[in-house]
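Peer 1: fold the following, please.
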Amino acid sequence: MAAYRIQIKHSAFKELSRLQAKIGLRLLDAIQSLLTDPRPRQSKKLKGAQAEGAYRVRVGDYRIVYDVDDDLKLVTVYRIGHRREVYR
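Peer 2: Got it, this is the predicted structure:
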């Protein structure tokens, strides 16, 4: 399987940089694992008008919300945050 590229939106990067280092490293490891498998078993496809084609990965109490473009082999991370805030 060919490796995907990862693009992190500026807003998601800002959210990531505000977190504690320990949590941030766990989230970065999860994002990096999306390079080889953009749809791991623990990922879930989101439903709703705003989440068309979006997936989420759970890392403890935090969520990574991303989109996958198979034609371009690109994973775009556009939300990172605590589970109570990330879907708002």
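
Peer 1: tell me the bridge partners for the residue nearest to the spatial centre of the chain.
Peer 2: Nearest to the geometric centre of the chain sits I64, at 3.3 Å (Cα atoms, centre = their mean). For I64, the beta-bridge partners are V57, I80 (DSSP bridges).

Peer 1: and it, what does it touch?
Peer 2: L27, A30, I31, R56, V57, V77, R79, I80 (Cβ atoms under 8 Å, 6 or more residues apart in numbering). Quick note: C-beta positions are derived from backbone N, CA and C, even for glycine.

Peer 1: could I get the average pLDDT for the helix ranked longest in the chain?
Peer 2: Across the chain, the longest stretch assigned as helix under DSSP state H is helix 21-33. Across helix 21-33, the average pLDDT comes to 95.

Peer 1: ok, and for it, which residues are buried?
Peer 2: G24, L27, A30, I31 (16 or more other Cβ atoms under 10 Å).

Peer 1: wait, isn't the second one in contact with L16?
Peer 2: When you say that, I think you mean L27. Yes - with contact defined as Cβ atoms under 8 Å, L27 and L16 form a contacting pair (6.2 Å).

Peer 1: anything in contact with each of the two?
Peer 2: In contact with both L27 and L16: I80, using Cβ under 8 Å, 6+ apart.

Peer 1: pLDDT score for A2?
Peer 2: 68.

Peer 1: please disregard the earlier target; I meant K47.
Peer 2: K47 is given a pLDDT of 87.

Peer 1: helix or strand for it, which one?
Peer 2: Counting by DSSP states H and E, no helix or strand carries K47.

Peer 1: what does V75 give?
Peer 2: Using DSSP H and E, V75 falls in strand 74-82.

Peer 1: and that strand, how far out from the chain's middle?
Peer 2: Computed by Cα atoms, centre = their mean, to the nearest Å, the chain-centroid distance of strand 74-82 equals 4 Å.

Peer 1: if we look at it, which residues are touching it?
Peer 2: 4-9, 11-12, 15-16, 19, 27, 31, 34-35, 38, 54, 61-69, 86.

Peer 1: which parts of it are buried?
Peer 2: V75, T76, V77, Y78, R79, I80, G81.

Peer 1: out of these, the closest to K47 would be?
Peer 2: R79 (15.3 Å; Cβ to Cβ).
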